[in-house]
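Colleague: Task: produce atomic coordinates for the following.
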Amino acid sequence: MPKQNTRRPLPASILSLLVAADQCCPAIIGQAHLLYHAGLGINPEQAVRTFTQLKKDADDLFKAIADVEAALNQTGRFNVALRNATEQKG
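Modeller: From the prediction side, this is the model:
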């Protein structure tokens, strides 16, 4: 998983995001299903372990997203594109 506060080129950051999403999203969905069924009699300790893992996987995904945002900011074009998109909305 990507490390926070590292400066990666944009293509490497996007690849890391793709890998993180590929690994984390199915796991997050599965863990959410387990928690959903927790009310149906899952062991509370297992629910806590599942929730803790879900938070870790989500955090890994958010770190990968932040790395892409940082790489986009380095290009200098991201802020202009973001400003243009914001102006178009309002």
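Colleague: OK, contacts around the spatially most central residue of the chain?
Modeller: Residue closest to the average C-alpha location in the chain (CA atoms, centre = their mean): Leu61, at 2.2 Å. Leu61 makes contacts with 20-21, 24-25, 28, as judged by CB atoms under 8 Å, 6 or more residues apart in numbering. To be clear about C-beta, it is placed using only N, CA and C from the backbone, and glycine gets the same treatment.
Colleague: and those, which are buried?
Modeller: 20, 24, 28 (16 or more other CB atoms under 10 Å).
Colleague: now, which of those sits nearest Ala47?
Modeller: Distance to Ala47 across those (CB to CB) is lowest for Ile28, with 15.2 Å.
Colleague: Quick check on the closest one: phi, psi?
Modeller: phi -60, psi -40 (degrees, to the nearest 10).
Colleague: May I have the residues that are in contact with it?
Modeller: Applying CB under 8 Å, 6+ apart to Ile28 gives the contacts 54, 57-58, 61.
Colleague: and with 7 Å instead?
Modeller: 54, 57-58 (CB atoms under 7 Å, 6 or more residues apart in numbering).
Colleague: closest to Leu15 among those residues?
Modeller: For the contacts of Ile28, the nearest to Leu15 is Asp57 (18.4 Å; CB to CB).
Colleague: Look at that closest one and say how many residues are nearby.
Modeller: Applying other CB atoms under 10 Å, we find 20 other residues in the vicinity of Asp57.
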